[in-house]
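**Q** Need a 3D model of the following:
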Amino acid sequence: VNCYRHFYRLQPELTRSIYDQFISQLQASIKEEIQEVKEEGNLEALFSSLDKIVEEAKEQEEPAWRPSGIPEEDVCSAMVPYLLKHRAYLRKVLKEKEEENKKLAESVLAGRDRIAELQQLIQDRKQAWQ
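**A** So this is what the prediction gives:
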């Protein structure tokens, strides 16, 4: 209005027509740009996903997790389940190794007993031969 005030006073219908064309072209251009952005970023799928998350969150009774502002505590709360699972795995592996070592120790003791028996047999035959 400030730029074309004089022109508007002379021909208001023409000025209004130019204004309407400008607005309609601007709206069409903006809609086209928005559509391009939606297609490039796959925004419709992302918005659908966001809507689904919002709907699921409405059904939750407890509040969602939020960072405390202390990174050490936040990392601990995220790491504890992993570390507990890893500890259980390590305990299982340790038990298996202990069982394996027990069997091997029994095998070694049996081998030593067999060696002692053979040494005694050798001694007995040696004495019998002498």
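**Q** secondary structure element for the residue most central in space within the chain?
**A** By Cα atoms, centre = their mean, the chain has its centre lying nearest to Ala78, at 10.9 Å. According to DSSP states H and E, Ala78 maps onto helix 71-129.
**Q** Tell me the gap between that helix and the middle of its chain.
**A** Between the centre of helix 71-129 and the centre of its chain there are 37 Å (Cα atoms, centre = their mean, to the nearest Å).
**Q** Scan the helices and strands of the protein for the one with the lowest mean pLDDT.
**A** Least confident helix or strand of the chain, by mean pLDDT, DSSP states H and E, is helix 5-10 with a mean of 80.
**Q** what's downstream of it, the next helix or strand?
**A** As assigned by DSSP H and E, the chain's next helix or strand after helix 5-10 is helix 12-41.
**Q** just to revisit the earlier point, find me the pLDDT at the residue nearest to the centre of the chain, would you?
**A** What the model reports for Ala78 is a pLDDT of 81.
**Q** What separation do you get for it and Tyr89?
**A** 18 Å (Cβ to Cβ, to the nearest Å). C-beta coordinates here come from the backbone N, C-alpha and C atoms, glycine included.
**Q** what residue ranges in this protein are flagged as low confidence?
**A** Residues of the chain meeting the criterion pLDDT under 70: 1.
**Q** now with 80?
**A** Where the chain drops to pLDDT under 80, the residues are 1-5, 7-8, 38, 41-44, 60-66, 77.
**Q** returning to what we had before: show me which residues of the least confident helix or strand of the chain are buried.
**A** For helix 5-10, burial by neighbour count (16 or more other Cβ atoms under 10 Å) applies to Tyr8.
**Q** How far does it sit from its chain's centre?
**A** The answer for helix 5-10 is 63 Å, by Cα atoms, centre = their mean.
**Q** quick one: Ala64 and Ala57 touch, right?
**A** Yes: if you go by Cβ atoms under 8 Å, Ala64 and Ala57 touch, sitting 6.5 Å apart.
**Q** Pick out whichever of those two has more residues nearby.
**A** Ala57 (10 against 7; other Cβ atoms under 10 Å).
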